[in-house]
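Colleague: Dropping a prediction and its sequence here:
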Amino acid sequence: MTRPPPTAALAGFVSCGTCGLLCRPAEAGKPGECPRCGEPLAFRLPESIERTWAYVVAAAVCYLPANLLPVMTTTTIKATTESTILSGVIHFYTTGSWFLALIVLVASVIIPLGKLGALAYLLVTVMRRSTGRPLERARLFRMLKAIGRWSMLDVFVVMFVVALVRFEPFMSVVPGPGVPFFAAVVILTILAADAFDPRLIWDPAGKTGGTGG
Amino acid sequence: MAEDSGLPNVPVPEAEIAPKRRLPISVVWFIPLLAALAGVGVAVQQYLAEGPAIQISFRSGEGVEAGKTTIKYKDIEIGQVTGVRLSEDYTRILVTAKMEKSVEKLLGSDAKFWIVKPRVTLSGISGIGTLLSGNFIRFEPGTSRVPGREFTGLETPPAVTQDLPGREYRLRADTLGSLGVGSPVYYRRLSVGQVISSALAPDGRSVEIRIFLNAPYDKFVSSGTRFWEASGVDVTAGVDGFTVQTESFLSLVIGGIAFETPPSLEGYHPVPDNAVFLLAADRTAALSPQEGEADPYALHFDEQLRGLSVGAPVNFMGLQVGEVTGIRLEFDPATESVGTRVDIVAFPYRFLRDMKKAGPYAKKELPPGKRRELMQRQVVGKGLRAQLRSGSLLSGQLYVALDYFPDAPQAMIDWSGKPPRFPTVPGETTVLRATLSSILAKIDNVPITEIGKETKEAIASLDRTLRLLEGETLPEAKKSFATLDRTLSRVDSEIVPEARKALEELRRASAAAERALKDADEMLLAPDAAGRQELLDALRETARAAQAVRLLADSLERNPSAVIRGRKPEKPR
Ligand SMILES: [Zn+2]
């Protein structure tokens, strides 16, 4: 293996995560606090893998009720209908709006699931100190970060509909218990992506000893 | 630390030492724990809120759709249809529904379900909401404590819901008339209940109508209460003109029932739920004494039945105690002749009731044997007979009268006949007819032609005599006074007996005519009948003529010379 590219950690420096000040760690094991802003210093995000896992597990737990519980209760004079995400997809599909069905399916079912899968993949590869395809994994991570904030699409749609459709007593739409779980899935995956330290992807590439404890 | 990493030798600040504080496990794991708890919590809540699933079978699933049709109780949604399918034998519709947890206790095995669709009846429009929302299933909790999960839906909504206080009664009627489910029941013209169902009695002979009276009006029903059909108008012609009576305009259109307790029957014991009452056709019939059982009888009349119709009344002392149910010819094998037979039903209670000492309604039923005995005693002991009578001379309508004929020949009710044969006496019309024909025969017998002939002869002979007197006697008298005596003696011996004879004939004729007239008078001939007047005039004329003849004859008899010398003051001969 060739000589690894220099990193701050390899050079024996640590950068403050908040103000960006480059410091010398106080000790090898305990980097100490930033002398400028007082932020605890770390070579890598603290407990990144553990925290990311926790968020991923939490999101996965919420994913189930988010899809099983109704997200919308539509009350018309004729009847009261509770719809889950999947029944909405099926409804769109059977009524011919396959494009809408596809959008909802992708945005609400596949993307959250994909995010969870991707995060789990990144975590597993990092934990196994895998050196393969680090560039692709880095791209994957960037993508996760990018789509994160747009995953609230369903919650948005539900809230819009609830706010707009109020023709009582003829028709009203009430958010179902699935909505908070759906929001939780989105938020937890964003948190998981934030908790993940992408530098860990690259660490196994170099024989670094400065990864801290 | 290493400083030969190729970085420009710039002063890098030294990090500060921070106190170490770490938990053995990261706090972050509380998040999935929390999520799991929330998920499990919601799942448990969903499970606990899950109401029972039920199945209802209907004859038709009109307007029932899975996922759309709701089940309502007191207009609140308490369940939703989750599936509709045909039963295995394809005869019914099976509706599965998910009920709300909160109504689980109401789902007794006798709970009722029915499909509500808009119903437009004359008494109002119901289920109008279904026009907008579509049909729904209404639920009515049962009283049973046994929980039920499979129900048979009602085809028609129950008219009265269970939470309405009141009572049900049953009415028996000949026909349903214009009554229908929902027809009002009136008490003093106040709508206090309604008809909830009607069905043919099992024997097919009557209609049973179930009514529901709202509390507190149900307490006005006692064993003496009478019900009648209040449909239509009751027009009565009385001394003060026409009286139009109807319960309400609504009852005119959709029919109705009214009830009342006659003051004489008030205070009788209350009746239980579902007590049976008779439904009379109108108020008069309802308030007239009740018949109890009707006894059929056959009557045989040897007379014309023209004017008698089915339904004609059977009267006793002018009060109706029955009616004619049939009129027909009957072959009598014994005499090989065809006679007439009139079938009647008589309500013996109308006149037997007071014979027993019990109160009129305390004990309604006499044993049949006792009833027969009482009737037979009336027939044998008192001479109770049936007779045809003319209800009106104008229309010629006949009715059957039961009356006492103590002089009638002995007779008994023939119980062996089916129906029993009731003895009869000849009708009034028969008697009248016989009297009339005897009067006619008498008039026929009056020798009017002979009387006329005799009178004519008498007058002719008188004329002859007078002419003889004028032509022969007068000149003679002039000539000879002596022949006068002879002439006079001739008048005496020839004319006077002749005139007397004529007079006698006349007197006889007029007496006969007078007698005939007197008979006719007695025989109910109208006093102003044209024929009678003519006859009377003729007879009077005859009498007057006869009187004139008699005066003349008398005058001649007393003073025969007046023929010759004219009238002179009388002097003894
Ligand atoms: Zn800093």
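Modeller: Sure thing, it's come through. Numbering: from 1, shown residues only, chains lettered A, B, ... in the order given.

Colleague: pLDDT value on residue B:413, please?
Modeller: Note for residue B:413: predicted pLDDT of 84.

Colleague: is the helix or strand hosting residue A:66 anywhere near chain B?
Modeller: Residue A:66 belongs to helix A:48-68 when assigned by DSSP states H and E. Yes: judged by C-beta under 8 Å from any C-beta of the partner chain, helix A:48-68 and chain B are in contact via A:50-51, A:54-55, A:57-59, A:61-62, A:64-65. Any C-beta I mention is one placed from the backbone N, CA and C, and that applies to glycine too.

Colleague: Can I get that helix in PDB, CA atoms only?
Modeller: Provided in PDB are the C-alpha atoms of helix A:48-68 (Å, rounded to 0.1, in the frame of the first residue of the first chain):
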ATOM      1  CA  SER A  48     -20.800   8.300  15.100                       C
ATOM      2  CA  ILE A  49     -21.500   4.600  14.300                       C
ATOM      3  CA  GLU A  50     -23.400   3.900  17.400                       C
ATOM      4  CA  ARG A  51     -25.600   7.000  17.100                       C
ATOM      5  CA  THR A  52     -26.200   6.500  13.400                       C
ATOM      6  CA  TRP A  53     -27.300   3.000  14.200                       C
ATOM      7  CA  ALA A  54     -29.700   4.200  16.900                       C
ATOM      8  CA  TYR A  55     -31.300   6.600  14.500                       C
ATOM      9  CA  VAL A  56     -31.500   4.000  11.800                       C
ATOM     10  CA  VAL A  57     -33.100   1.500  14.100                       C
ATOM     11  CA  ALA A  58     -35.500   4.200  15.400                       C
ATOM     12  CA  ALA A  59     -36.500   5.100  11.800                       C
ATOM     13  CA  ALA A  60     -37.000   1.500  10.900                       C
ATOM     14  CA  VAL A  61     -39.200   1.000  13.900                       C
ATOM     15  CA  CYS A  62     -41.300   4.000  12.900                       C
ATOM     16  CA  TYR A  63     -41.400   3.000   9.200                       C
ATOM     17  CA  LEU A  64     -43.800   0.100  10.000                       C
ATOM     18  CA  PRO A  65     -46.600   2.100  11.700                       C
ATOM     19  CA  ALA A  66     -46.000   4.900   9.200                       C
ATOM     20  CA  ASN A  67     -47.100   2.600   6.400                       C
ATOM     21  CA  LEU A  68     -49.700   0.600   8.200                       C
END
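
Colleague: what about the most centrally placed residue in chain A, helix or strand, and which?
Modeller: Compute the mean C-alpha point of chain A, and by C-alpha atoms, centre = their mean the closest residue is residue A:189, 2.2 Å away. If you go by DSSP H and E, residue A:189 is part of helix A:178-195.

Colleague: what pLDDT, on average, does that helix get?
Modeller: Helix A:178-195 comes out with an average pLDDT of 87.

Colleague: of the residues of helix A:48-68 next to chain B, buried ones?
Modeller: When the residues of helix A:48-68 next to chain B are checked for burial by 16 or more other C-beta atoms under 10 Å in any protein chain shown, the buried set is A:51, A:54-55, A:57-59, A:61-62, A:65.

Colleague: would JSON lines of the residues you listed with distance to the ion be doable?
Modeller: Output for those, formatted as JSON lines (distance: C-beta to the ion, whole Å):
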{"residue": "A:51", "distance to the ion": "21"}
{"residue": "A:54", "distance to the ion": "26"}
{"residue": "A:55", "distance to the ion": "25"}
{"residue": "A:57", "distance to the ion": "31"}
{"residue": "A:58", "distance to the ion": "30"}
{"residue": "A:59", "distance to the ion": "31"}
{"residue": "A:61", "distance to the ion": "35"}
{"residue": "A:62", "distance to the ion": "34"}
{"residue": "A:65", "distance to the ion": "41"}
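
Colleague: Out of those residues, flag the one nearest to residue B:327.
Modeller: Nearest to residue B:327, judged by C-beta to C-beta, of these is residue A:65 at 87.5 Å.

Colleague: so what's that closest one up against?
Modeller: Contact analysis of residue A:65 by C-beta atoms under 8 Å, 6 or more residues apart in numbering or on different chains lists A:177-178, A:181, B:38-39, B:42-43.

Colleague: Buried ones only from the residues you listed, please, as a ChimeraX command.
Modeller: Applying 16+ other C-beta under 10 Å to the contacts of residue A:65 leaves a buried subset, and the ChimeraX line that selects it is:
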select /A:177,178,181 /B:38,39,42
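
Colleague: wait, which of the contacts of residue A:65 is closest to the ion?
Modeller: residue B:38 (36.4 Å; C-beta to the ion).

Colleague: Whichever helix or strand that closest one is part of - what's its average pLDDT?
Modeller: Secondary structure assignment for residue B:38, by DSSP H and E: helix B:30-49. Averaged over helix B:30-49, pLDDT sits at 86.

Colleague: Now it - C-alpha only, CSV.
Modeller: Provided in CSV are the C-alpha atoms of helix B:30-49 (Å, rounded to 0.1, in the frame of the first residue of the first chain):
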residue,chain,number,x,y,z
PHE,B,30,-33.3,6.1,23.8
ILE,B,31,-34.6,7.3,20.5
PRO,B,32,-35.3,3.9,18.9
LEU,B,33,-36.6,2.7,22.3
LEU,B,34,-39.0,5.7,22.3
ALA,B,35,-40.0,5.0,18.7
ALA,B,36,-40.6,1.3,19.5
LEU,B,37,-42.7,2.3,22.5
ALA,B,38,-44.7,4.7,20.5
GLY,B,39,-45.3,2.2,17.8
VAL,B,40,-46.3,-0.6,20.2
GLY,B,41,-48.5,1.9,22.1
VAL,B,42,-50.4,2.9,18.9
ALA,B,43,-50.7,-0.7,17.9
VAL,B,44,-52.1,-1.7,21.3
GLN,B,45,-54.4,1.3,21.2
GLN,B,46,-55.6,0.3,17.7
TYR,B,47,-56.2,-3.2,18.9
LEU,B,48,-58.1,-2.2,21.9
ALA,B,49,-60.2,0.2,20.0
